[in-house]
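K.L.:
Here is the input, now give the coordinates:
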Amino acid sequence: MSPSAALRLLGLEPYADERSIRRAYARRLKRIDLGHDPDAFQELRLAYEVALRYETQARDEGDSSTDGFKSSDLTVTSPATDSAPEPGETGAPLAEHIELVESLRLRLANGVSGESQALILLDEALADPRLAHLDSQLCFERLLAEFLCQGWQPGNELLFQAACHRFEWQSDKRGLRRLAPAGDLIDLAITQGLSFFDQPATTAQRQAKLIERLRRPETPTKQWLREELMVLELMMERYGFWLQLIAPAERVQAWRKIYETEMGGPPRAAVRNDAVPEGRASSIFQILGGLLLCVWWLSHCGGALDPSTQRSGLAPAQASPLLV
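P.N.:
From the prediction side, this is the model:
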């Protein structure tokens with residue numbers, strides 16, 4: 001495949017840079033069902049590798065012009081040395097790698113109740129004789145990351161958590177870069193997930209319940225949408241890609257359309273603060289209670305508060321999970 005053909009397949013201009021190539025690949029990857037159309041995946045992956053290799057060569061040579069491709073233009077037959085090997089390049093062929101990932105996802109979608117069981121299933125897949133070679137395991141890891149980046153399916157939230165644990169994605173940034181561009185997206189999701197759990201515990205717990213509700217297919221009631229829809233939309237702004245991996249985030253937009261159709265317009269109040277409102281009445285009582293407590297404390301102690309007695313309201317610092 002020539003660079004010009006690769007860039008056309010990715011929908012890019014001849015002068016596209018590395019960042020544009022990675023983004024175009026990630027967008028088109030989401031449109032491919034790897035389990036049913038492996039040939040399309042192979043063609044897209046080849047176009048990505050060709051475009052990246054050509055962009056690197058042009059940059060190294062200091063030639064910013066990519067016009068006038070010839071039939072002798074660079075053709076990539078093997079991946080760059082700083083990335084994981086292609087599925088099927090060593091060990092099992094691509095179809096068998098896909099079969100292993102699909103089998104794992106189906107098992108996770110059918111009755112697995114938690115991360116520990118998901119981790120056991122992932123370890124069983126990695127113990128398959130077809131993944132005995134280290135390069136085959138690296139190919140499987142990259143294919144698994146690309147499957148996850150296609151968006152949520154039942155069981156993906158468990159698969160994502162298990163993969164983060166087994167492959168050490170949270171701490172091994174260099175390893176994630178080797179899986180680019182899927183690794184870059186996984187890294188973004190991990191960052192957003194950790195930010196989610198860095199909220200006050202009560203806020204994270206309430207929002208976790210909304211994520212669980214998002215995974216249920218039935219349409220919520222009007223009352224539920226009136227109270228929670230804006231919270232979900234705020235969460236999408238802050239943790240959008242992480243949510244796309246662990247829940248069917250597209251339902252947020254679908255529910256908004258339902259709400260606007262049935263109620264004649266969008267929800268009236270948008271949530272703008274970091275903390276999710278717990279209810280106006282309870283907030284007023286909390287404020288009044290706090291003021292009365294301050295008055296009592298100052299009247300009895302007659303001095304400034306001891307900073308050592310103050311609390312931040314945040315959960316204790318620890319390694320945050322990525323699963324809700």
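K.L.:
Show me where the chain dips below the pLDDT cut-off.
P.N.:
33-36, 38, 61-93, 267-323 (pLDDT under 70).
K.L.:
mind listing what residue 244 touches?
P.N.:
151-152, 189 (Cβ atoms under 8 Å, 6 or more residues apart in numbering). Any C-beta I mention is one placed from the backbone N, CA and C, and that applies to glycine too.
K.L.:
Among those, which one is most surrounded by other residues?
P.N.:
Counting neighbours by other Cβ atoms under 10 Å, residue 189 comes out on top of the contacts of residue 244 with 24 neighbours.
K.L.:
which residue sits closest to it, ignoring its sequence neighbours?
P.N.:
For residue 189, ignoring the flanking residues on the chain, the nearest one in space by Cβ to Cβ, 6 or more residues apart in numbering is residue 242 at 4.4 Å.
K.L.:
Where does that neighbour sit, in terms of helix or strand?
P.N.:
In the assignment (DSSP states H and E), residue 242 maps to helix 222-246.
K.L.:
Pop the domain breakdown of this protein in here.
P.N.:
Using automatic domain parsing, the domain parsing of the chain gives 3-60, 94-188, 199-263.
K.L.:
picking that back up, do you know how far the residue nearest to residue 189 is from residue 50?
P.N.:
Using Cβ to Cβ, to the nearest Å, one gets 31 Å for the distance from residue 242 to residue 50.
K.L.:
what's the answer for residue 28, then?
P.N.:
Noted for residue 28: a distance of 14 Å to residue 50, by Cβ to Cβ.
K.L.:
Look at these two and report which has more neighbours.
P.N.:
Set side by side, residue 28 and residue 50 give different neighbour counts by other Cβ under 10 Å, the larger being at residue 50 (25 against 17).
K.L.:
hmm, back to that, mind checking which of the domains of the chain is nearest residue 324?
P.N.:
Evaluated with Cβ to Cβ, the domains of the chain place domain 199-263 nearest to residue 324, the distance being 4.0 Å.
K.L.:
What is the distance between that closest one and the centre of its chain?
P.N.:
Computed by Cα atoms, centre = their mean, to the nearest Å, the separation of domain 199-263 from the middle of its chain amounts to 16 Å.
K.L.:
what's the spacing between the residue nearest to residue 189 and residue 163?
P.N.:
Counting by Cβ to Cβ, the gap from residue 242 to residue 163 is 14 Å.
K.L.:
re the thing from before, show the contacting residues for the residue nearest to residue 189.
P.N.:
With contacts defined as Cβ under 8 Å, 6+ apart, residue 242 is in contact with 188-190, 192-193, 196, 322.
K.L.:
cutoff 6 Å now
P.N.:
189, 192-193 (Cβ atoms under 6 Å, 6 or more residues apart in numbering).
K.L.:
List the ones among these that fall in helices.
P.N.:
Taking DSSP state H as the definition of helices, those contribute 189, 192-193.
K.L.:
Just the closest of those residues to residue 8, please.
P.N.:
For residue 8, the closest of the ones in helices among the contacts of residue 242 turns out to be residue 189, at 29.7 Å, with distances computed as Cβ to Cβ.
K.L.:
measure that closest one to residue 51 for me?
P.N.:
Noted for residue 189: a distance of 24 Å to residue 51, by Cβ to Cβ.
K.L.:
coming back round to it: which of the residues in the helix holding residue 242 are buried?
P.N.:
Buried residues in helix 222-246, counting neighbours by 16 or more other Cβ atoms under 10 Å, are found at 225, 228-236, 239, 241-246.
K.L.:
try stretch 245-264
P.N.:
So, applying 16+ other Cβ under 10 Å, buried residues of stretch 245-264: 245-249, 251-252, 255-256, 258-259.
K.L.:
for these, which one is nearest residue 131?
P.N.:
Of all the buried residues of stretch 245-264, the one sitting nearest residue 131 is residue 245; the distance, using Cβ to Cβ, is 23.0 Å.
K.L.:
Who are the contact partners of that closest one?
P.N.:
Applying Cβ under 6 Å, 6+ apart, one finds that residue 245 lies in contact with 148, 160, 189.
K.L.:
if we go to 10 Å?
P.N.:
Listed by Cβ atoms under 10 Å, 6 or more residues apart in numbering, the contact partners of residue 245 are 148-152, 156-157, 159-161, 185-186, 188-190, 192-193, 322.
K.L.:
before we move on, what about residue 126?
P.N.:
Applying Cβ under 10 Å, 6+ apart, one finds that residue 126 lies in contact with 100, 104, 132, 136-137, 140-141, 166-167.
K.L.:
what about residue 95, how many neighbours?
P.N.:
Using other Cβ under 10 Å, residue 95 has 11 other residues around it.
K.L.:
all helices of the stretch 1-150 of the chain, in order?
P.N.:
Across the stretch 1-150 of the chain, reading from the start of the chain, the helices by DSSP state H, counting those that start in this stretch fall at 3-10, 18-29, 38-60, 94-109, 115-126, 134-149.
K.L.:
which parts of the first one are buried?
P.N.:
Residues of helix 3-10 classed as buried: 3-7, 9-10 (neighbour count, 16+ other Cβ under 10 Å).
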